[in-house]
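> Structure of the sequence below:
(one chain, ligands or ions: 1)
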Amino acid sequence: MISLKTNRELRYMRDAGRISQEALLAAGEAVRPGISTLELDAIARKTIEKAGATPSFLGYGGFPASACISVNHVVIHGIPSAKQILKEGDIVSIDVGAFYGGFHGDNAWTFPVGRISEEAQKLLDTTRESLFLGIEQARVGNRVGDIGAAVQRYAEAHGYSVVRDFVGHGVGVQMHEDPSVPNYGTPGRGVRLTAGMVIAIEPMVNMGTSAVRQLGDGWTVVTEDKKLSAHFEHTVAITPDGPVILTALGQGGK
Ligand code: MG
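Take a look at the predicted model:
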């Protein structure tokens, strides 16, 4: 069932979204060679708690941390660890959400660690751009397939593949609500978008094949071919005035 949010509920969701973005940016600003992924997680958690919110991911399905931190060929759901130290040239995806006022926010960004290869930078640029092309389609009267098609078309035009085993989702009282929002699709197909829907659009784009697998820890998802993967996500409200990014501090959220 898809829950539609009232304007009053959307105001609460803006707060949850803003705190989620603050946590993401605080952790992102700390990214540098030599820092552990556990330290980044602690920064995200502190930022959320300081704002009077609760980390959405902590304890979710038994997840042991506040942020999913996924390095290089890890696509999503990486578990922060004191033993995992970032190195120059890595890319690191941080995915974090905050629960505040009864609602969740959810966002992710892939950051470069120091200087990265041109190849890796192009993957980040393309994935980020595919997110914003998807958001552009999040309009009343469009369908979920319009979002997925926009993401897929752009990513594949650059020679990349989109992950199919994991998808975006509705966001609200629950972190994961209906509908599913795949990063692939056919224009004009799928659930029709209406005002009051809130969805997380989250392209996961791989440099090689789209195939992924989960490691034995029950969380970490890696690319089958060990090539790099990037992940960018915003929580977006569908309104009569167009898409509104709830996980943005400023204009456009870029
Ligand atoms: Mg999400």
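> any idea of the mean pLDDT for the top helix by length along the chain?
Looking across the chain with DSSP state H, the single longest helix is helix 7-29. For helix 7-29, mean pLDDT is 97.
> which element follows that helix toward the C-terminus?
Proceeding N to C from helix 7-29, the next assigned helix or strand is helix 37-50, under DSSP states H and E.
> show me what contacts residue 152?
Applying Cβ atoms under 8 Å, 6 or more residues apart in numbering to residue 152 gives the contacts 162, 183-185. (C-beta placed from N, C-alpha, C; glycine too.)
> The longest helix of the chain to helix 37-50, inter-axis angle?
If you take axes from the mean of the first three to the mean of the last three Cα atoms, to 10 degrees, helix 7-29 sits at 150 degrees to helix 37-50.
> What residues of helix 7-29 count as buried?
Across helix 7-29, burial judged by 16 or more other Cβ atoms under 10 Å covers 9-10, 12-28.
> before we move on, what about stretch 232-244?
So for stretch 232-244, counting by 16+ other Cβ under 10 Å, buried means 232-239, 243-244.
> what's the most distant pair in these?
Among these, the pair separated by the greatest distance (Cβ to Cβ) is 232 and 239, at 21.4 Å.
> can you count the residues close to residue 225?
By other Cβ atoms under 10 Å, the residues close to residue 225 number 13.
> how close does it get to residue 184?
Using Cβ to Cβ, to the nearest Å, one obtains 19 Å as the distance from residue 225 to residue 184.
> how would you label the residue nearest to residue 144 when sequence neighbours are not counted: helix, strand or coil?
Beyond its immediate neighbours in the sequence, the residue positioned closest to residue 144 (Cβ to Cβ, 6 or more residues apart in numbering) is residue 190, lying 3.6 Å away. Put simply, residue 190 is coil when judged by DSSP: H, G, I helix; E, B strand; the rest coil.
> Return the longest helix of the chain as CSV; C-alpha atoms alone will do.
Extracted in CSV, the C-alpha atoms of helix 7-29 (Å, rounded to 0.1, in the frame of the first residue of the first chain):
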residue,chain,number,x,y,z
ASN,A,7,1.4,18.8,3.7
ARG,A,8,1.8,18.7,7.5
GLU,A,9,3.5,15.3,7.3
LEU,A,10,5.7,16.6,4.6
ARG,A,11,6.9,19.3,6.9
TYR,A,12,8.0,16.7,9.4
MET,A,13,9.6,14.7,6.6
ARG,A,14,11.6,17.8,5.6
ASP,A,15,13.1,17.8,9.1
ALA,A,16,14.0,14.1,9.0
GLY,A,17,15.4,14.6,5.5
ARG,A,18,17.5,17.6,6.5
ILE,A,19,19.0,15.8,9.5
SER,A,20,19.8,12.8,7.2
GLN,A,21,21.6,15.1,4.8
GLU,A,22,23.5,16.8,7.7
ALA,A,23,24.7,13.4,8.9
LEU,A,24,25.7,12.4,5.3
LEU,A,25,27.6,15.7,4.8
ALA,A,26,29.3,15.5,8.2
ALA,A,27,30.6,12.0,7.5
GLY,A,28,31.4,12.9,3.9
GLU,A,29,33.5,15.9,5.0
